[in-house]
Every structure is written in structure tokens, then in C-alpha cells.
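Chemist: any chance you can model this:
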Amino acid sequence: MEIKMVENKKVLIDEQVQNQRYVYRFFKRALDIVASVIGLIVLSPVFLIVSLAIKAEDRGPIFYSQVRLGKGQRPFKMYKFRSMIVDADKKLEKLLKQNEVEGAMFKMKDDPRITKIGKFIRKHSLDELPQLWNVLLGDMSLVGPRPPLEREVADYSERDKQRLIVKPGCTGLWQVTARNDVDFSGMVDIDIQYIEKSSLIFDVIILLKTIGIVFKPNGAY
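Modeler: Numbers count the residues shown, from 1 in each chain. Next comes the predicted model:
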């Protein structure tokens, strides 16, 4: 099924209405729990292979954790496979001027901090797999907006903060459509569109498209 995107820069989402979608939220959480448990079990061989590859490259840590902000700006520790050099965070300040995305988000296609294994797992979105644990814990959902950093949210406008009305996701409408082809403002448009259209069927469609991207990447970096 094709997913169509529309501009919605003037849309303001009613947070109370979203919080009162009890039936959708119940089944969405049920899907998150079942799918994350199955995913952690079925994908355990992939976890092992990626872990060994990361450890073999530079003997550094396998996982990387970072504090992100979730629904209602609640902080939580998000987990990923480490795709950058060990001291990557310390070198970020020197690279901020080379940011290739306008707005409150840092993106750099040829980021020198990314390891060889890191490039591969990022391209195929394998670095995101440990977030299944975040889903099981309830910090994240399988589908939702990308969880931002605290320093990013500090630069958010009121419109941008609408992304934080719902739980962040491992994947989302932005990842399976425009991804790196839009700036931060464009990503916010897509996230708002997702929140407006969100339903269990829409979530399943996004999940199926995400599986396809693992095998046929759409420009992730």
C-alpha cells in the first residue's frame, strides 16, 4: 500500500483527544509487547552476529545508550548497537558546523565517527534492534516519531513539540518515506501526519515497509 504525504504545517494536534484513544492505545501496546518479545527471540542470532562484529572491529562496547525524551518530554535511556567510535560524543561539537540538516537535528552523511561495521548496520537499520528492549519496557513503541535528544528539544517550537504527544518509535512514517530527503521541518510535518492518521492498520503497514527497508535500504546513514 502506498503511503501519501501531505503538508500540514498549520495543524495543531489535540493532545487530550490523543490521550483518550483508549482502545487504539490498548491494542497498540499489546502489539508492542508481543512483537518485541518475538523479535528479541527470533532475532537473537542477528544480535549475536552483530555483537561479535562490533567487538571484533575495535574491542569497544557493543551497545550504546543515550538519554532521549519520550512522550511528554519524559527522559529515558535508549539502547542501540554502537555504530560509532568510542569517544564519538566528545567529537560532536567539532562537527556541528557541518550539519547537513536544517533545524534541531544533526545529520552528516559522511560522519567520520562512524565505524566500518557501523556503516553497514546503519544502512540496514540493524543498529536500532536493541530498541526492542525499550519497547518491551514501555519507553517506546514499535511505530512512532524519532525520540529526540534533550538539546534538540531545547530548540523546538511549539509546533515541533507536537511530536512528543505520543510515544516515540523504533520506526515511523518518516523512516519509510522521505527519511534523509527532508529537513527537520519536513520530518515534523511527517510525524504530525502520522499522529493524525495513526491506527493499528497504519502501524502494521509501516512495520511491513520497515522490514522491506532492512533488505532494500532507502538512503539511511
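Chemist: so how far is Gly186 from Arg179?
Modeler: 10 Å (CB to CB, to the nearest Å). All C-beta spots, glycine's among them, are computed from the backbone N, C-alpha and C.
Chemist: confirm that Asp32 sits in a helix.
Modeler: Yes: remark: Asp32 belongs to a helix, assigned using DSSP: H, G, I helix; E, B strand; the rest coil.
Chemist: isn't it right up against Leu137?
Modeler: No: counting by CB atoms under 8 Å, Asp32 stays clear of Leu137, with 10.1 Å between them.
Chemist: between these two, which one's more packed in?
Modeler: The residue with more neighbours, out of Asp32 and Leu137, is Asp32; 23 against 12, by other CB atoms under 10 Å.
Chemist: from Ser51, how far out is that one?
Modeler: Look at Asp32 and Ser51: by CB to CB, they are 24 Å apart.
Chemist: one more: Asn19?
Modeler: To Ser51, Asn19 is 38 Å away according to CB to CB.
Chemist: in three-state terms, label the spatially most central residue of the chain for me.
Modeler: Ranked by distance to the mean C-alpha position of the chain (CA atoms, centre = their mean), the top residue is Arg146 at 3.8 Å. For Arg146, the secondary-structure state derived from three-state DSSP is coil.
Chemist: now Met187: closest residue in space that isn't a chain neighbour?
Modeler: Closest residue to Met187 apart from its sequence neighbours, by CB to CB, 6 or more residues apart in numbering: Trp174 at 5.1 Å.
Chemist: list the contacts for that neighbour?
Modeler: Pro145, Arg146, Val182, Met187, Ile190, Asp191, Tyr194 (CB atoms under 8 Å, 6 or more residues apart in numbering).
Chemist: okay if I get those residues as CSV plus distance to Thr210 and secondary structure?
Modeler: Putting those into CSV (distance: CB to CB, whole Å; DSSP: H, G, I helix; E, B strand; the rest coil) gives the following:
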residue, distance to Thr210, secondary structure
Pro145, 14, coil
Arg146, 13, coil
Val182, 18, coil
Met187, 16, helix
Ile190, 14, helix
Asp191, 16, helix
Tyr194, 13, helix
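Chemist: quick check, nearest of the residues you listed to Asp110?
Modeler: The nearest member of the contacts of Trp174 to Asp110, counting by CB to CB, is Val182 at 19.2 Å.
Chemist: gap between the closest one and Leu92?
Modeler: According to CB to CB, Val182 and Leu92 sit 22 Å apart.
Chemist: and those two? which has more neighbours close in?
Modeler: More neighbours surround Val182 than the other of Val182 and Leu92, with 18 against 15 (other CB under 10 Å).
Chemist: got a list of what that one touches?
Modeler: Trp174, Asp189, Ile190.
Chemist: quick check: the gap between the second one and Ala53.
Modeler: Yep, that's Asp189 we're talking about. 36 Å.
Chemist: do the same with the last one
Modeler: In this structure, Ile190 lies at 32 Å from Ala53, with CB to CB as the measure.
Chemist: neighbour count winner among the two?
Modeler: Applying other CB under 10 Å to Ile190 and Ala53 shows that Ile190 carries more neighbours, namely 25 against 18.
Chemist: and the nearest residue to Leu149 once chain neighbours are set aside, what helix or strand is that in?
Modeler: Leaving aside its sequence neighbours, Leu149 sits nearest to Arg68 (CB to CB, 6+ apart; 6.3 Å). According to DSSP states H and E, Arg68 maps onto strand 63-69.
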